[in-house]
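*Asks:* what's the 3D shape of this:
(chains A, B, C, D and E)
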Amino acid sequence: MIHLVWLVPFLPLLGFLINGLGRKYLPKSLTGVVGSGSVLAAFVISLLIFFEVRQPGFTPQVVTLFDFINVGSLHIPFAFQVDQLSALFLLIITGVGSLIHIYSTSYMHEESNEGFARYFAYLNLFVFSMLILVLGANYVMMFIGWEGVGLCSYLLIGFWFRNINFNKAANKAFIMNRIGDLGFLLGIFLMIQQFGSVTFSEVFEKVPALGEGSIILFAIAMLLFVGAMGKSAQVPLYTWLPDAMAGPTPVSALIHAATMVTAGIYMVARSNVLYSLAPYIQAIIAIVGVVTALLAASIALKQNDIKKVLAYSTVSQLGYMFLALGTGAYTAAVFHVMTHAFFKALLFLGSGSVIHAMGGEQDIRKMGGLKKWMPVTNITFLIGCLAIAGIPGLSGFFSKDEILANAFGYNKVIYALALIGALMTAFYMFRLYYITFSGKFRGTHEQEHHLHESPAAITLPLIILAVLSVIGGYVGLPEVFGAPHLLHEYLSPVLVSEHPHHLDHTLEWGLMGLSTVLVIVMIFIARGKFSRYEDTGAENTGIAKVLENKWYVDELYDAIIVKPLLVLSRFFRDGIERSGIDALVNGVGRGVKWGGGRIRLLQNGQVGFYIFAMVIGMIVLFVISLFL
Amino acid sequence: MGTMSTELMIFILLSAIAIASALGVILSKNPVNSVLNMIICFVAIAGHYIMLNAQFLFVVHLIVYTGAIMVLFLFVLMMMNLNADIEPQKRNWLKYAGAISGGALLLVLVGALREASLPAVQAGSATDIGLIANLGKTLFTSYVVPFELSSVLFLSAMVGAVVIGKK
Amino acid sequence: MLTVLLILIPLITGLITFGLKGAGAKALSLLSSFATLVIAVIAWQQAATAPETLQFVAEWIPQLGSQFNVGLDGMGAMLCLLTAVSFPLIFITVYGREYDRPGAFYGLLLLSQAGLIGVFTAYDALLFYVFWELALIPVYFLCSMWGGERAIPVTFKFFVYTFAGSLLMLTGIIYIYTQTPEHSFSWTAFTALQPGSTEQSWLFWLFFVAFAIKMPVFPFHTWQPDTYEQSPTPVTMVLSGIMVKMGLFGVIRWLLPVLPQGVYIWQEAAIVLSVIGIIYASCIAIVQTDLKRLIAYSSIAHIGLMSAAIFANNEQSMQGVQVQMFNHGINIIGLWMIVEVIQNRLNIKNMQEMGGIATHAPKLAIALVIVSLANIALPLTNGFIGEFLMFSGLFQYNAWFAAIAAVAIILAAVYMLNMLQKVIFGEANALTSTTADLKTGELLAISVVIVIIFVLGVYPKPLLELVDSTTAMVNAAAWVK
Amino acid sequence: MPVQYYIFLSIALFCIGVMGVLMRRNAIIIFMCIELMLNAVNLLLVAFSKMWVDAGRIDADAAQLFVFFVMVVAAAEVSVGLAIIVMMYRNTHSVDINILSRLKN
Amino acid sequence: MNALISTAVFGIVLMFVGLFVKNKQQIKYFAIAGTIIAFIANWYDGQLAGGSSTILHGMIEVSRLSVLFNAVAIGSTFLYFVLCGSSFEKVGDDVADYFALVFFILAGITLTASFSNLLMLFLAIEIISIPQYILAGADKKNLKSNEASLKYFLMGSFTTGILLMGIALIYGATGSFNIYEMGLGTGDLSPLALCGIILLGFALAFKVSAVPFHFWTPDVYDGSPTVFTAFMATVVKAAGFIAFLRLFQVSFTGGGLEHHWQLIIALITAATLLIGNFTAVFQQSVKRMLAYSSIAQAGFMLFTIVSSNETATQGIILYSIAYSVATIGIFAILLKMKDYTFDGYNGLARRQPLLALVNTIFLLSLAGIPLTAGFFAKYFVLTAAVQQGQLLWLVILAVLCAAISAYYYFRVIIAMYFKTGDAETLPITAGFRSVLVIGAAVIILLGVFPNLVLQFL
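*Replies:* Model (predicted):
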């Protein structure tokens, strides 16, 4: 089966080509079948691969398709690597991907024929790129996918291209990602310089030779991490993700929650050999992670756009994953990627269902009491909220608990901060839930009349994801439960450098209890505050206003980066280009003309003067040649 | 003071006349005076030719220059009825500048040629090289090509003078 | 003989075309360009297997030791192929347009093609110089005669600029020629000479300035945006797609192997200039509102990178540069094709007045997106391979230069995406809502570009292998320390 | 007698001629000064001829013949030159060289 | 030698033709026939002179160079007569005399490449100059023509004085007028000889209009009847250079002698290049621009003097052809224009495409663009200078000036092709056109195969 791995990315690519080229001619039904079917088929193959990989004693296999770049000693083949990590990601991507494709067939049904096909083409292309990213057997392949998903993200955020603001959001996403990509790229160059190779196996083989704490290693690790920061929306490169909500909601679910944004985690996990030898960088990663988690969570507290809340929540959760990576708990990070994929996709799709029902309205202040009309959405959304909040028994609890436990072992302060973040998570999620689903409806009558539960193509994925959000956590039970940590065992051949912090059991139980209790308290506070929410229209003040305005980070970036860049560019254009270089060049021309104009005055028409000048010239030349 | 000094005295006398009359040419206001000065200068130069045993040239010089060319000049001047008043004075500084640069040229040339070491002229030693017979022989043997060519020159000058001169 | 044919076909047909009227000129030039393409493809195949069969030597000026010596190595074959591919594309794109005095227009274009191929094939310095100028003259006339309202002074500036540069190069050529023991212009004699390092040091500048103006490298670039803006688009395609490669080609063929020590002394300076140029031009591109000028500055930035990579002068950068020479040519020609279509439809250049083209001309918009993405070196497009290798090579030379230069990939995204947003996205206005989509000919030409973009983006091997020999040659010559 | 005397004399005459050319505006006088320069050269040539004869060279008559040719040329030049000056006088009623300065710059 | 005789004889013949042939247009054909016969006679010379032979008591040396240059000069004159011959009539009535004078000039020119005695040089220069004074003033009623004639004459005869002084001083130092027998390169250089060399340099610099002895050039070229300017600025100029080069190459080179004068000639060259090019940029009249351009081109030709080596000889020959043919062609077209300013050329390409094309080729040749003879001309002179060593600064200055020169040559091209206007021309015959095309073909042919000419050297 392994040798057929190329089919996994190839099928979505085929879907992309069919939908893209035939977008004018194919009916929507066929488009939907092609789009979803290709991903579903890829999922099936991924499952088969997964089962093969799961066999004990499986060693990573590299499938080389052809030579991509061959320059001297540098060989970069177009090759796929199948191992435990990539197989797991294949499952997440194609699995969640196919659900979202199915969901989309209904959600996007109001688009024109062409738009519908275009949407599926982009989505398929995204899946293709994402699969390249996780399947690549070297960093360049990863980079190909890395930029590819960025492109698809750009295309899908700007899907409704007539809206200039959506386009701007798309541009922002792409450009911020590129900043990260730059780091990634430089990291690759440094690798080429140091190891003469970018293939995972060769690089990891040569890394230890540099020795722990080597400055080169730091540089590589840091540069790669910059890439991860961009892709996975970490501080300071996170501001694009909330804006990316301009795209269709299934896109947010797939790209900006479940898959693409976790690419950074995948990359660091994939490079665990490297990172484990760069402890300072790990510390940086942990700090960035926890700061992101806190910052995003704090912003989420005051957002009123249903998708924005989820977006900040995603940023925050990604922060947790990086925290896990920073503490060396790679499995925990991957684990959280998985569970997060389930419940965040669920939440996004649920919000999509809500938005769909509300006729495009996204402001939660205009909603309320929706559980009456949308029972399935309500239940599944609630499950999602519970899962993300970390209620014991649901998937989020296990993954988050593992992260918190590791953080505690790593550093108490970070643990405390992470815990605060987790509490905020519970609070804003239930704020969202209660404002949206409880209380009474605050929208227009027209909207109220229109409210309905979504069709099966939407609810079915919701239900499946809700089930996964509940049971997904059982693959990684904490040690204290006594059961084996399946995920850890599964991934251990890949995550060779993992060094999780094991706490003693009492402490672990205590921490678990503490967080559970606090989370429940938070939920109740939220319930008390928002279950009968009324939109007063009052302006926020003080810290609330700061939070509502996202700490003014966008404005800050505008002031310290965008504006100076524009000023600099204008200075280059007007100051240097026009009045500098070009003026100089033209000045030479003018100088010649001016000189000509002066010199020609010598030619004054008087023959007496001419002879005089000749004599003077003779004298001068005589003096030069005779006496000098 | 032997014969040498006689030679030298004649040389100095002739030179003085020549330079004085040359200065007269350039300094006198009336063009007719200039021409007359010029004639004196040419006669002095002719005297030098005799001193240098160039008898043929002496004759030609007197006939061609003093006789023909200068008379031609005089004729043209008379025909145009030019006198001193007609020539507007150059601005003074230009005049001085002209004089100074001419002087500078002189200085430069003298400075350059001052140290030339050359065989001396043995004044008084008569040679017959400048006689018409000898020169004529050379002229019609070695120098026949330039001689013929000068006819081309004259022809063109003649054609030219006609072309330009006729109304 | 094949090589000579490559020069002769456009030369002769070009001269004939002068005498033809409208349709005849179009048809003949198209035919000629296809014939050249066929020959170029055959030559390309031969260059890969038996390059020596492409060498053609005939006596030219025996008194001078100058021969009509043409041949194709990997890079030469690649650039000839680029030229041969570009011209049919250009002709197809403008097939629907009517130009004043078409005979002269197409004739001059073909003559410039002959000159360009000549430059890429010459193995004799004097011949090289002759072709170098020959390529310039038709372009000068094309720009001035069919260009925009400021075309005459602008093109003239361009002409004098490049002319001055090439005359300096001529001085250098003459100097080296007089130094060669057997007084020969042949490339072999030039590379074998190796003057002393002081001489190489100043000779370097004589050559470098000529090439730098042609490329153009900061600060010798100011002719370029104006010229691109004012030229008729087919000519701009030739200029930006192929002619700028003359400078790069010149450096690789005539500077690196001939004056390795000079390069060694000055490479850092050249790279610094190039890197400044990359950032500088990228920044200016950000604040351009004129579509053509934006592309012009983006081109300066790209060329800056190529120049930096050439002087970084290692295996990766050299391979990257050569591959990128081809790919940049294809991409920028594609870009200009689309600009030409937009110009033709809307007759405006200011991007602020555009917008919403995607709604009414989706094919056009898609093509623009793809070509723009190739231009910002998205992986799996052809632009990526070259840029990746060039940056990598530059990084091996000096990590900091590479890091600074690489900022351009962000800036490139900024201006290209801005351009896309302003031109094709958003709501259509009164003007743009009438935009007609691509017509068959245009679609065909652009499709070819797009296919090349993806094929070479996914499978660059043929190109990389083709230029291997040239890289080996340069590197063998260049590491004299 | 050193030949330098003749050299200096002839240079002096030559330079006086140059001065005259520079100082005067009357075309005829200027032309005369040019003739003076030619005569200075002639004198010099004759002196050199004598010098080389005294030094024993038999072909020294070349210089005298040269002088002869100079005179020939001078005569031709005078005929043309005076014709030109007369032509100018006819058109402008002046022989001032500065009258004619239409052609400039 | 045959060339000299035939041209001189034909000068006389033409004088008489004027008496018997009343139709002025027909006189041209006699003149053309004269050049053809002279060309054949010269070719016959070439057959005889295997290597080089000094004949007639050391006055004349017939060599491959002299025969080749005579061929160039006579050929150019032929082209000149064919293209501009019919314009003689516009100047005045004495058409036959003008032709005769041109032939006399040509007779002088045939000496410039073959003199081997300073007397012959002097006579050659005078034979060239005196008819030119007359031709410059041929348009008798025209004050400009008067002025040109007067200026040329006064300055020319002043320079004659300088030239003679130089010759006299050299004679004083060496006791010989024969350029082969002077032996200046051996032993110490007498100050007399040095002054003589410098003065001769000045005089010849005047003839080739090098700065600062160039002042006459623009005025004379501008004031003279255009048809004569065409001749003065081309063949005559080339003759000046060949004389200059011959004298300096044969007599003043060797034994380190060139170091005494190389610097000032180099300075003169630099000044000529700068002033010629700078001033030409400013002109509004094409005719006057060509006058300044001739100064600028002289700057390039001076390179041959500075370097005075084998390549320089080749260079001067090629330069003579390239420059003469191109300039005659440009002047021939100028003669057909009603308006001599740049604006007068506006839109010529639409009205007379062939004329414009040919003019463009000539202008490109002057600018030194490859594939025209002008390129190889420039190439050779620059190579000569580079071979000399130490002169690289001058070469670089020259190429920069060449770039400037593109400016004013291209102004004509711009006017013809890119500007709209109705350039008015006089009627143009098919014969005129075809000869122009032949001229352009020569330029292109020599631009591709310069050895067509060089093989004769």
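*Asks:* in space, what's closest to residue E:263 - neighbours in sequence excluded?
*Replies:* Closest residue in space to residue E:263, ignoring its immediate chain neighbours: residue A:625 at 6.4 Å, by Cβ to Cβ, 6 or more residues apart in numbering or on different chains. Bear in mind the C-beta positions are built from the backbone N, C-alpha and C, glycine included.
*Asks:* do I have it right that the one you found meets residue E:260?
*Replies:* Yes. In this structure, residue A:625 sits in contact with residue E:260. The criterion is Cβ atoms under 8 Å, and the distance is 6.9 Å.
*Asks:* mutual contacts of these two, please.
*Replies:* The contact sets of residue A:625 and residue E:260 overlap at residue E:194 (Cβ atoms under 8 Å, 6 or more residues apart in numbering or on different chains).
*Asks:* tell me the SS of the residue nearest to residue E:263?
*Replies:* Of the three states, residue A:625 takes helix according to DSSP: H, G, I helix; E, B strand; the rest coil.
*Asks:* with residue A:62 instead?
*Replies:* In terms of secondary structure, residue A:62 is strand; the call rests on three-state DSSP.
*Asks:* isn't it right up against residue A:201?
*Replies:* Yes. In terms of Cβ under 8 Å, residue A:62 counts as a neighbour of residue A:201; the distance is 7.4 Å.
*Asks:* give me the common contacts of these two.
*Replies:* The contact sets of residue A:62 and residue A:201 overlap at residue A:137 (Cβ under 8 Å, 6+ apart).
*Asks:* compare these two (neighbour count), which wins?
*Replies:* When residue A:62 and residue A:201 are compared for neighbours, residue A:62 comes out ahead with 17 against 13, by other Cβ atoms under 10 Å in any protein chain shown.
*Asks:* so who does the more buried one touch?
*Replies:* With contacts taken as Cβ under 8 Å, 6+ apart, residue A:62 has the following neighbours: A:79, A:80, A:81, A:82, A:137, A:201.
*Asks:* thought the first one was touching residue A:140?
*Replies:* No. With contact defined as Cβ under 8 Å, residue A:79 does not count as touching residue A:140 (10.0 Å).
*Asks:* these two - which one has more neighbours?
*Replies:* When neighbours are counted by other Cβ under 10 Å, residue A:79 and residue A:140 differ, and residue A:140 comes out ahead with 26 against 21.
*Asks:* how is the more buried one assigned, secondary-structure-wise?
*Replies:* Under three-state DSSP, residue A:140 falls in the helix class.
*Asks:* from residue C:318, how far out is it?
*Replies:* Relative to residue C:318, residue A:140 is positioned 19 Å away (Cβ to Cβ, to the nearest Å).
*Asks:* tell me which helix or strand the closest residue in space to residue E:8 that isn't next to it in sequence sits in.
*Replies:* The shortest distance from residue E:8 to any non-neighbouring residue, by Cβ to Cβ, 6+ apart, is to residue E:107 (4.3 Å). Assigned by DSSP states H and E, residue E:107 falls within helix E:95-112.
*Asks:* hmm, the helix or strand following that helix touching chain B?
*Replies:* Remark: after helix E:95-112, the chain's next helix or strand is helix E:118-136, criterion DSSP H and E. Yes. Using Cβ under 8 Å from any Cβ of the partner chain, a contact is recorded between helix E:118-136 and chain B, made by E:119, E:120, E:123, E:126, E:127, E:130, E:131, E:133, E:134.
*Asks:* could you give the angle of the helix or strand following helix E:118-136 to helix E:118-136?
*Replies:* Tracing the chain C-terminally past helix E:118-136 and defining elements by DSSP H and E, one meets helix E:143-174 next. Taking axes from the mean of the first three to the mean of the last three Cα atoms, to 10 degrees, one finds helix E:143-174 and helix E:118-136 inclined to each other by 170 degrees.
*Asks:* and the residue of the stretch 201-350 of chain C nearest chain B?
*Replies:* When distances are taken as Cβ to the nearest Cβ, the stretch 201-350 of chain C reaches nearest to chain B at residue C:202, 37.2 Å away.
*Asks:* perfect, that will be all.
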